[in-house]
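K.L.:
Sequence plus predicted model, see below.
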Amino acid sequence: MANEVQQFDVVVIGGGPGGYAAALYGAAAGLSVALVERDKVGGTCLHRGCVPAKEFLETAHVRRTIEHSAAFGITAKSVAVDFAVSQARKNEIVDRLYKGLSGLIKGRKITVFEGTARLDADQTVEVLEGTDAGVVAKGKNVILAAGSVPRTLPGFDVDGTIVVTSDEFLDLSVLPATAAVIGGGAIGCEFASMLADMGTKVTILESLPTILTGCDAEVVNVMQRAFKKRGIEVRAGVTVTGHTPKKGSTTILIDGGDDVKVDMVVLSVGRRPRTEALLGEGTNVEINDRGFVVADGYQRTANPNVYAVGDVVANTPQLAHVGFAEAIVAIKTILGEPVVPVDYDRVPWAIYSNPEVAFCGLTEAAAKEKGYEVVVKKDPFGGNSRAQIIGDTEGVVKIVAEKRPDGTAGQILGVHMAGPWVTEQLGAGYFAVNWEATAEEAAALIQPHPSLSETFGETLLALAGRGLHVG
């Protein structure tokens with residue numbers, strides 16, 4: 001039916017987390033939905049990002065556990081990793097999830113077009129360069145969810161062997177003996193942690209003064225100490241100017257510092273929106289100078305019938321679960337239903353390194369910058385019984401609350417964790433921050449014993465003024 005204009009309530013451009021969530025949520029509400037995807041539904045997160053990376057991090061966790069099994073009375077004579085097997089397991093997991101997602105989309109009668117889409121005037125979408133090239137779909141509303149791609153650095157041409165981005169890294173079958181990760185943000189720290197746990201000697205090169213910029217200082221300190229113990233060298237505040245490859249390795253050039261010779265360079269310097277050629281003439285959609293789509297709190301662009309969600313949206317965290325939340329906001333707005341915009345200062349963050357990091361809300365420094373007087377309590381995992389049982393005691397829980405006039409802790413402003421399985425423990429902290437609970441209200445909730453989450457509960461009790469084990 002090429003060139004015949006097909007009509008829909010909503011046309012979604014991009015089938016990543018934001019796009020497919022919008023399609024599924026809209027179809028569940030009874031809207032007729034078309035979804036245009038250039039590759040496979042699931043997007044970067046499922047095929048080249050979140051899910052594959054976490055599978056490899058779990059492989060690293062299993063290896064680490066076996067290496068330390070003697071402490072539990074278990075003898076493991078040798079630990080060897082066949083990374084090709086982990087790669088195959090990753091592919092199986094991704095394929096199962098892809099098939100499940102495809103089944104959901106089919107079950108909700110969402111029309112899927114394969115190809116690259118361009119939005120033209122009057123909410124008209126043309127499918128280009130794919131199986132369904134030539135199809136024209138018109139929506140009463142259009143949702144832009146075209147996603148993002150890894151950024152690169154001048155002087156570091158990606159060859160898939162010596163210089164890789166996350167895309168190429170997640171397709172490796174053999175790991176390098178030495179590697180430099182350029183970029184010490186969340187993804188860079190995950191890659192560095194995984195590589196180190198698999199036996200690779202790792203150096204992190206970060207241009208900013210510290211790794212994990214934006215995290216609370218206590219959390220960063222935990223990570224710095226843990227990385228140092230595991231032999232991960234962190235060089236912050238450095239500028240890389242290029243590299244000189246030679247016989248299967250390369251030397252990274254550092255401005256004013258010692259050069260670094262490694263077998264592989266992993267670029268982890270952020271992601272850029274995929275908005276090139278996304279818009280035709282007359283769309284009335286604004287793109288800022290960095291290539292991002294400008295949208296309001298209800299995900300509306302300057303064109304009231306065009307919305308944007310996920311990594312293409314300006315000034316938002318590039319997190320899959322943020323895309324999910326934005327998709328729901330967009331569909332509810334289209335339906336005219338009551339909706340609360342995403343509060344980007346309070347979204348949950350999860351970093352699956354070793355140790356893990358999880359947080360939401362304001363850091364202590366950010367709270368003070370916003371003019372709050374604060375009360376802060378922190379509790380290390382060292383005294384937690386479950387942490388001692390599993391043999392993983394490195395980490396801390398820190399809670400930031402607004403100081404009342406009488407000096408006591410009021411509303412909880414931020415929860416910050418580093419340590420064992422904290423990515424699975426943040427839920428209670430997220431609720432506390434987003435429901436604007438006070439320290440006393442949150443401290444009244446019972447934590448199971450023995451559990452890792454008790455450290456969060458203990459910190460709350462101390463924050464409320466009467467800790468059991470924490471002063």
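P.N.:
Cool, the structure landed.

K.L.:
Now for this protein: which helix has the highest residue count?
P.N.:
helix 83-107 (DSSP state H).

K.L.:
what is the mean pLDDT for that helix?
P.N.:
Averaged across helix 83-107, pLDDT comes to 96.

K.L.:
Determine the set of other helices and strands touching it.
P.N.:
helix 17-28, helix 43-47, helix 50-67 (3 or more Cβ pairs under 8 Å, 6 or more residues apart in numbering; DSSP states H and E). C-beta: built from backbone N, CA, C; applies to glycine.

K.L.:
And the closest residue to residue 174 other than its chain neighbours, how far from residue 262?
P.N.:
Taking Cβ to Cβ, 6 or more residues apart in numbering, and ignoring the residues beside it in sequence, residue 174 has residue 83 as its nearest neighbour in space, at 6.0 Å. According to Cβ to Cβ, to the nearest Å, residue 83 stands 18 Å off from residue 262.

K.L.:
what does residue 182 give?
P.N.:
Going from residue 182 to residue 262 by Cβ to Cβ gives 10 Å.

K.L.:
list residues touching both of these two?
P.N.:
Here residue 182 and residue 262 share the contacting residues residue 252, scored by Cβ atoms under 8 Å, 6 or more residues apart in numbering.

K.L.:
Following element in sequence after the longest helix of the chain, please.
P.N.:
Note on helix 83-107: by DSSP states H and E, the next helix or strand toward the C-terminus is strand 111-114.

K.L.:
Give the other helices and strands that that next one contacts.
P.N.:
Strand 111-114 sits against strand 33-37, with contacts defined as 3+ Cβ pairs under 8 Å, 6+ apart.

K.L.:
Give the rounded mean pLDDT of the strand it packs on.
P.N.:
Throughout strand 33-37, pLDDT has a mean value of 98.

K.L.:
who touches that strand?
P.N.:
The contact list for strand 33-37 (Cβ under 8 Å, 6+ apart) reads 6, 8-15, 19-20, 23, 26-27, 41, 43, 105, 108, 110-117, 125, 127, 132, 137, 139.

K.L.:
give me that answer again for 6 Å
P.N.:
With contact meaning Cβ atoms under 6 Å, 6 or more residues apart in numbering, strand 33-37 is reached by 8, 10-13, 15, 23, 26-27, 110-113, 117, 127, 137.

K.L.:
same question, stretch 384-391
P.N.:
71, 381, 393, 420, 450, 451, 452, 455.

K.L.:
Could you confirm the first one falls within a helix?
P.N.:
So that's residue 71. Yes. According to DSSP: H, G, I helix; E, B strand; the rest coil, residue 71 belongs to a helix.

K.L.:
so who does it touch?
P.N.:
Applying Cβ under 6 Å, 6+ apart, the residues contacting residue 71 are residue 391.

K.L.:
Around the residue nearest to residue 174, how many other residues sit close by?
P.N.:
Residue 83: 14 surrounding residues under other Cβ atoms under 10 Å.

K.L.:
Hmm, residue 175 and it touching each other?
P.N.:
Yes. Between residue 83 and residue 175 there is a contact under Cβ atoms under 6 Å: 5.4 Å.

K.L.:
what about the helices in the protein?
P.N.:
Counting by DSSP H, the chain has these helices, from start to end: 17-28, 43-47, 50-67, 83-107, 166-169, 186-197, 217-229, 320-335, 364-369, 385-390, 426-434, 439-443, 454-463.
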